[in-house]
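Participant: Model the structure of this input:
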Amino acid sequence: MTDPIIVVPYDPNWAREFEEIGARMRQSLGNLATRIDHIGSTAIAGLAAKPVIDIQISVRELEPVIIYQQPLESLGYVYRAGNGERTKRYFREGEGMRRIHVHVREEGSFGQQFALLFRDYVRAMPDEAKYYEEVKIRLMAQYRDDRERYVDEKEPYIWDIMRRASSWSQVNGWRPGKSDM
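Facilitator: Reported below is the predicted structural model:
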């Protein structure tokens, strides 16, 4: 059995934790990483979230993995080669570490841009943040012990938000800002 889904109120320490983790990653990866960004719900001030820090590392190319695998493993992160999403490489925290999801994506790829646009749009639109939070809390109550179903049921809401984010990005000329780290 997997751990239950738990969505907790926003914790301002999440930003500080990202800063500390991201700084270590930046030092270890150097210019292998074109960007290191805090993504996901913990990156959106005021938004309730699962207490998991999501970090996106942008690289010029996904292959060969070993180039960034070794620096990340030296920090204790574990490469999850079996991840089914082929547009990223995925790492998790090692034993005894704080829960972290590390998403390595190619600079300029759809997935890389998607994560940044979603974050920036929800940060800029408090009504969207509230809507997304309500969805997550409702789905947590329904699917607390079924992580896969929670993720599947959340997807249509994410795409609903992204349709609006796309329009917003075109009106505002959105581009990813400076890297977080």
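Participant: where are the low-confidence patches of the chain?
Facilitator: 1-2 (pLDDT under 70).
Participant: In contact with Ile36: list those residues for me.
Facilitator: With contact set as C-beta atoms under 8 Å, 6 or more residues apart in numbering, Ile36 has these partners: Gly22, Met25, Arg26, Leu29, Ile55, Gln56, Ile57, Ser58, Ser179, Asp180, Met181. Glycine gets a C-beta too; all of them are placed from N, C-alpha and C.
Participant: Inside helices: which ones of the residues you listed?
Facilitator: The helices, defined by DSSP state H, take in Gly22, Met25, Arg26, Leu29 from those.
Participant: re earlier: tabulate the contacts of Ile36 in a markdown table, adding columns for distance to Thr42 and neighbour count.
Facilitator: Output for the contacts of Ile36, formatted as a markdown table (distance: C-beta to C-beta, whole Å; neighbours: other C-beta atoms under 10 Å):
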| residue | distance to Thr42 | neighbour count |
| --- | --- | --- |
| Gly22 | 12 | 20 |
| Met25 | 16 | 22 |
| Arg26 | 18 | 18 |
| Leu29 | 21 | 21 |
| Ile55 | 10 | 24 |
| Gln56 | 12 | 25 |
| Ile57 | 16 | 27 |
| Ser58 | 18 | 22 |
| Ser179 | 17 | 16 |
| Asp180 | 12 | 19 |
| Met181 | 15 | 20 |
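Participant: which stretches of this protein form helices?
Facilitator: 13-29, 66-74, 110-124, 126-143, 147-172.
Participant: picking up where we left off before, from the contacts of Ile36, which is closest to Ala81?
Facilitator: Of all those, Ile57 has the smallest distance to Ala81: 16.3 Å, by C-beta to C-beta.
Participant: does that closest one really touch Val102, like I thought?
Facilitator: Yes - with contact defined as C-beta atoms under 8 Å, Ile57 and Val102 form a contacting pair (6.4 Å).
Participant: one step back: most neighbours per residue, which of the helices of the chain?
Facilitator: A comparison of the helices of the chain by mean neighbour count, using mean count of other C-beta atoms under 10 Å, puts helix 110-124 on top with a mean of 19.
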